[in-house]
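Student: Test case, fold it:
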Amino acid sequence: MAQQAETLPLSKQLSYAIGQLGWSTLVNIIGFWQVKFYIPTEEDNMPSLITRITFLAVLNAIAIIAAASRLWDAITDPLIASLSDRSKNPRGRRIPFMKIAALPAAVFLTLSFMPPDRQPTIANIVWLCMMLLGFFLFLTIYVTPYFALIAEFGHTPAERLKLSTWISVTYALGIIVASQAASIWNPMIEGGMDPLQARQIAIGLLAAIAAALMFVPVLTIDERRYSKAEPSSSALLPALVRTFKNRNFLHYTAADFAYFMGLTIIMTGLAYYLPVMLGMSEANVGLLMTVMIAISFAFYALVYFLAGRFGKRPLVLISFLWFAAVFAFIYNLGRLPASPEAQAYALVVLAALPIAFLGVLPNAILADIAEHSALKEGVRQEGMFYAARTFMQKMGQTLGIFVFAILTQFGIDRGNDLGLRYSGLAGVALCALAFALFFGMNEKKLLAETAELQKPES
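Tutor: Next comes the predicted model:
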C-alpha cells in the first residue's frame, strides 16, 4: 500500500507562499507600470517609446502586443501543464519546473523595460514583444506547476483553504512590493538621474528581489514527501477536453477571466488616476496599495468564518457586486465633494473588502474542483486545471491592459481624462458579467459528491 503523504507543516506552507510573493511582484510590475512606461503622461518628463498611432481607429501598439502575448500563452499554458502532470522526475512533478523558470522570468521582465531606442521605433515594438513572450513563457513554467501544488499539498478542503489564504497574503504583498517602484525611482530623479534610467534601475532591483523569493519553495520543500500524486498518463488533448467539459470549472474560469480583466484595469489605471484625476503624485500609489492590502488582511479572519458558515460561492458573488460599485466610484473621481486625498483613500478602503474575499476563495474553490475531478474521473491532472485557469487569468489581465490601452485614446491628461473615466464603466460591466457567469457554479453539490467519493469502499 502506498505511503500516505505527510501534512505540509506551517514552515513549509510559508515557504510555499513566499514563491507567490516573488511572481506576484513580477506580474504586478507589468500591471502597474508597463503601460505608463511606454505611454507616459505630460507630467512624467519621459520620452514616448512606442508610437501612439492607432490602428482600426482605437488599437495601439501596446494593445496589439498584449494580445499577441496571450496567443502565445494559448500554446504554452496547456503544454507546460501536460508536461508537468506527466512528469516522472524523481524530485516531483512540479518543483523541477519552477526551479528552471524563476531567474529567466525576472530577467525577461527587466529587459522588457529596456528598449533599444529612446524614441518611438519599430525596434522598440519588436523588443517589447519578444521580451514579453520570453517573460510569459517562463512565468507559465513557474506558475502552472506552482498552483497545481495547492491540490497536492492540501489533502482536505480545510488544508486547501489554508494554503489559498497564505498565497493570497503573499500575492497581496507582491502588489505592495511592485507598487513601491515609484518610491524608489523618484528620489533618484530628484537627485538628477535621467527619469528613464531611474525607472529601469528600480524595476531591475525589484525583479532581482522577486527572483530570489521564487527560489524559496524550490530550495526548501521536498515535494515527494508531501505529495504522493502519480504522473498522469493522459495525453495533452484528452486532458484539455476533460478539463473544459467540467461544468463547474467552466463557470469558475469564465468568471475569473472577467474579474481579472476588471482588476487589471484598476491596477493599470491607478498610476493615471492619482496624478490626472486627483492631482496627486504617482509616488502615492505605493502608500495607497499598502493601506488597501493592510485593510484587506484585517478581513481575512472574517473570510474564514463566513466561508465555513455560508460556503465560498455566495461570498464570491457578493464580492463581484461590491467591486462593481468600486468601479462606479472610479468614474466619478475628482468630481466628488471631498478632497483628492479623501477620495483616494475612500477608493482603496472600498476595494479592500472584495479583494480580501476574491484573493482567498477562488484558489480554494479550484482546488475543490480539481480534487472532485480526480476522484470522479480517476485521473490526476491538477496541472491542467490550473493551467487553464492561469491562461484565462492571464487572458483577463492582458485584455484588461488591452482595453485600458484602447481607452487611453479618449484622453489620459488633466482636463482631458475621458478615457480614464470610461475605464471605470468598463470595470462595472466586467464585474457584473463575472457575477452572472459564476452564478451557475454548484458548490454544495460538488463538495457533497467529493465527500461521498472519498468514503472507503466497504
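
Student: just checking, residue 30 touches residue 109?
Tutor: Yes - between residue 30 and residue 109 there is a contact under CB atoms under 8 Å: 7.1 Å. The way it works is simple: take the backbone N, C-alpha and C, and place the C-beta from them, glycine included.

Student: More neighbours: which of the two?
Tutor: Higher neighbour count among residue 30 and residue 109: residue 109, with 29 against 26, using other CB atoms under 10 Å.

Student: Sticking with that one, tell me its helix or strand.
Tutor: Taking DSSP states H and E as the criterion, residue 109 maps to helix 95-111.

Student: so what sits against both of residue 30 and residue 109?
Tutor: Shared contacts of residue 30 and residue 109 (CB atoms under 8 Å, 6 or more residues apart in numbering): residue 135.

Student: now the protein, which segments are flagged as low pLDDT?
Tutor: 1-3, 51-71, 73-74, 228-237, 239-240, 380-383, 456-458 (pLDDT under 70).

Student: What are the contacting residues of the helix holding residue 109?
Tutor: 19, 22-23, 26, 29-30, 80, 83-84, 87, 89, 131-132, 134-135, 138-139, 141-142, 144-146, 200, 203-204, 207-208, 210-211, 214-215, 217-218, 221, 223.

Student: Check which residues of it are buried.
Tutor: Residues 95-99, 101-111 are the ones in helix 95-111 that count as buried (16 or more other CB atoms under 10 Å).

Student: do the same with stretch 361-375
Tutor: 361-374.

Student: I'd like those written out as TSV, with secondary structure and distance to residue 317 added.
Tutor: Output for the buried residues of stretch 361-375, formatted as TSV (DSSP: H, G, I helix; E, B strand; the rest coil; distance: CB to CB, whole Å):
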residue	secondary structure	distance to residue 317
361	helix	11
362	helix	12
363	helix	17
364	helix	15
365	helix	12
366	helix	16
367	helix	19
368	helix	16
369	helix	17
370	helix	21
371	helix	22
372	helix	20
373	helix	23
374	helix	26
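
Student: of these, closest to residue 168?
Tutor: residue 363 (7.1 Å; CB to CB).

Student: what about residue 317, distance to residue 450?
Tutor: Distance of residue 317 to residue 450, computed by CB to CB, to the nearest Å: 21 Å.

Student: I'd guessed residue 178 sits against residue 29; true?
Tutor: Yes - judged on CB under 8 Å, residue 178 makes contact with residue 29 at a distance of 4.6 Å.

Student: Now the common contact residues for those two.
Tutor: Both residue 178 and residue 29 are in contact with residue 206, where contact means CB under 8 Å, 6+ apart.

Student: who's in contact with stretch 305-316?
Tutor: 161, 255, 303, 357-358, 360-362, 364-365, 438, 441, 443-444.

Student: In a markdown table: these, plus distance to residue 420.
Tutor: What follows is the contacts of stretch 305-316, written out as a markdown table (distance: CB to CB, whole Å):
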| residue | distance to residue 420 |
| --- | --- |
| 161 | 37 |
| 255 | 26 |
| 303 | 31 |
| 357 | 26 |
| 358 | 23 |
| 360 | 30 |
| 361 | 30 |
| 362 | 28 |
| 364 | 34 |
| 365 | 33 |
| 438 | 28 |
| 441 | 33 |
| 443 | 37 |
| 444 | 41 |
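
Student: Now, of those residues, which are buried?
Tutor: Counted by 16+ other CB under 10 Å, the contacts of stretch 305-316 give 161, 255, 303, 357-358, 360-362, 364-365, 438, 441, 443 as buried.

Student: Quick check: of those residues, which lies closest to residue 277?
Tutor: Distance to residue 277, by CB to CB, is smallest for residue 358 among the buried ones among the contacts of stretch 305-316, at 24.5 Å.

Student: Which secondary structure state is assigned to the closest one?
Tutor: When classified by DSSP: H, G, I helix; E, B strand; the rest coil, residue 358 comes out as helix.

Student: List the contacts of it.
Tutor: 259, 316, 319-320, 323.

Student: Kindly report the same for residue 145.
Tutor: So residue 145 contacts 80, 84, 93-95, 97-98, 383 (CB under 8 Å, 6+ apart).

Student: Show me where the stretch 51-200 of the chain has its helices.
Tutor: 61-85, 95-111, 122-153, 157-179, 181-190, 195-220 (DSSP state H, counting those that start in this stretch).

Student: angle of the second one against helix 122-153?
Tutor: Counting by axes from the mean of the first three to the mean of the last three CA atoms, to 10 degrees, helix 95-111 points 150 degrees away from the direction of helix 122-153.

Student: Between helix 195-220 and helix 95-111, find me the angle.
Tutor: Using the same axes, to 10 degrees: helix 95-111 against helix 195-220 is 170 degrees.
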